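**Q** Okay, structure incoming, though there's no sequence with it:
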DNA sequence: CAGAGATTGGACCTGCAAGTCCAGAGTCCT
DNA sequence: AGGACTCTGGACTTGCAGGTCCAATCTCTG
């Protein structure tokens, strides 16, 4: 007796997608419930029916949605980083993904808005970071073989930092140059085995 | 006839400082004019007297203020990066500064709020990035001497990306580990001359 | 088909935050 | 001193966004 039909679930999904799109377009402060309502063709009561916690809960659901996209957009490369060519393909996919996303980072925007007040929101990024690092660390370990000079976990964390920073600069400057240069430099030790 | 006295200027400064503190404490959305008023012991009319553009203009002034702090907090190290020891001291200063700042980045928070709508706000980060990169590039060039294998400008951009990303992860995880590991790896080529 | 519960529409309420205004106090200059 | 300004206090207006509510409709189940 979950009390939710397929139709209801579809509506709920539609709201999340629409809210995500609205946020990408207008930013969190301008993404009012009315704006989301207009885009998703829903009524006030629907919004509060599926997200009883109101705007806060909806934004959190969108944050989850966007966090999942971060990793899935890096697939299938992210889960198969065993050769230098694999790493190069992953690098290319990451750069392309963020170049397309352009000067808007829905997740960052959501976190700066929610993260302060809502512990559940902090958990979203924390979890994203951990899953991401696990995948990269596996790839690092595979490359290093037995002669492990660098702790894969820490190296993976540093790689993620570089991606994050590159994206930040993309937001500020509109260019992916720093992201690309940063990644190339950061991955150099891997190339040399 | 600028029409502003020393007293007025002091008030204006007080408002900016107080607004910056309020934002660090509560975040941009919660930093209402009333909250700023309370902290700075000012009246509505003062806020609009010194910032006719209202809240938007005040936030922009705070962004300028915070952007300047980013670089001044790295001094005097930032402007004297000629030896490996200099770079190490700079690295330490950066890590300490952001560890102290903790899980709040007033500038990032301001930019995600203002950057979308206000071109003047984008110019703040753009200018910060350019000044920052110029200083670091000078340091890189000094280290490389005549045998320049890496373009100092691009290398500097990559270093900034790593700092930015490390700070992002600090905000997400509360740890400076990724910032430190990232910087160590990114600066490694400099150590080897 | 009948009823229970899920789903929907949209009017309504409420609080709050930005911004306006004007009168009064302070200050500078000659 | 006196006039012209800057500066300040705080009441007021306004708009709007979040949230509530109830009645109507749909959709499953038996």
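**A** Thanks, I have it. Predicted model only: the values in this text are computed from it and were never measured.

**Q** So what touches stretch A:35-54?
**A** Stretch A:35-54 has contacts (CB atoms under 8 Å, 6 or more residues apart in numbering or on different chains) with A:8, A:11-12, A:14-15, A:17-19, A:21-22, A:26, A:33, A:57-58, A:60-61. Backbone N, C-alpha and C define where each C-beta goes, glycine included.

**Q** I'd like to know which of the residues you listed are buried.
**A** A:11-12, A:14-15, A:18-19, A:21-22, A:26, A:33, A:57-58, A:60-61 (16 or more other CB atoms under 10 Å in any protein chain shown).

**Q** who in chain A is up against DNA strand C?
**A** Neighbours of DNA strand C within chain A, by CB under 7 Å from any atom of the strand: A:1, A:3-5, A:7-9, A:11, A:41-46, A:49.

**Q** quick one: least confident helix or strand in chain A?
**A** Ranked by mean pLDDT, DSSP states H and E, the weakest helix or strand in chain A is helix A:106-114, scoring a mean of 88.

**Q** Quick one: residues contacting the most centrally placed residue in chain A.
**A** Residue closest to the average C-alpha location in chain A (CA atoms, centre = their mean): residue A:70, at 3.1 Å. By CB under 8 Å, 6+ apart, the residues touching residue A:70 are A:107, A:128, A:132.

**Q** Next one: residue A:156 from residue B:139, what distance?
**A** Using CB to CB, to the nearest Å, residue A:156 is found at 28 Å from residue B:139.

**Q** Likewise for residue A:142?
**A** 35 Å.

**Q** between these two, who's got more neighbours?
**A** Each of residue A:142 and residue B:139 has its neighbours counted (other CB atoms under 10 Å in any protein chain shown); residue B:139 has more, 24 against 16.

**Q** helix or strand for that one, which one?
**A** According to DSSP states H and E, residue B:139 maps onto helix B:119-144.

**Q** any residue of that helix up close to chain A?
**A** Yes: for helix B:119-144 and chain A, the contact criterion (CB under 8 Å from any CB of the partner chain) is met by B:122, B:125, B:126, B:129.

**Q** Could you list the domains of chain A?
**A** Using automatic domain parsing, the domain ranges for chain A come out as A:6-52, A:62-191.

**Q** Of all these, which one is nearest DNA strand D?
**A** The minimum distance between DNA strand D and the domains of chain A falls on domain A:6-52, with 3.4 Å, by CB to the nearest atom of the strand.

**Q** so how far is that closest one off the chain centroid?
**A** Put simply, domain A:6-52 sits 20 Å off its chain's centre (CA atoms, centre = their mean, to the nearest Å).

**Q** Spell out the secondary structure type for residue A:87.
**A** helix (DSSP: H, G, I helix; E, B strand; the rest coil).

**Q** Number of residues surrounding it?
**A** Per other CB under 10 Å, the neighbour tally for residue A:87 reads 22.

**Q** what does residue A:145 give?
**A** Using other CB under 10 Å, residue A:145 has 8 neighbouring residues.

**Q** Tell me how far residue A:149 lies from residue B:182.
**A** Here residue A:149 is placed at a distance of 17 Å from residue B:182 (CB to CB).

**Q** between those two, which one's more packed in?
**A** Higher neighbour count among residue A:149 and residue B:182: residue B:182, with 30 against 7, using other CB under 10 Å.

**Q** Report whether the helix or strand harbouring residue A:93 contacts chain B.
**A** Assigned by DSSP H and E, residue A:93 belongs to helix A:84-101. No: Helix A:84-101 does not reach chain B (CB under 8 Å from any CB); its nearest approach is 12.0 Å.
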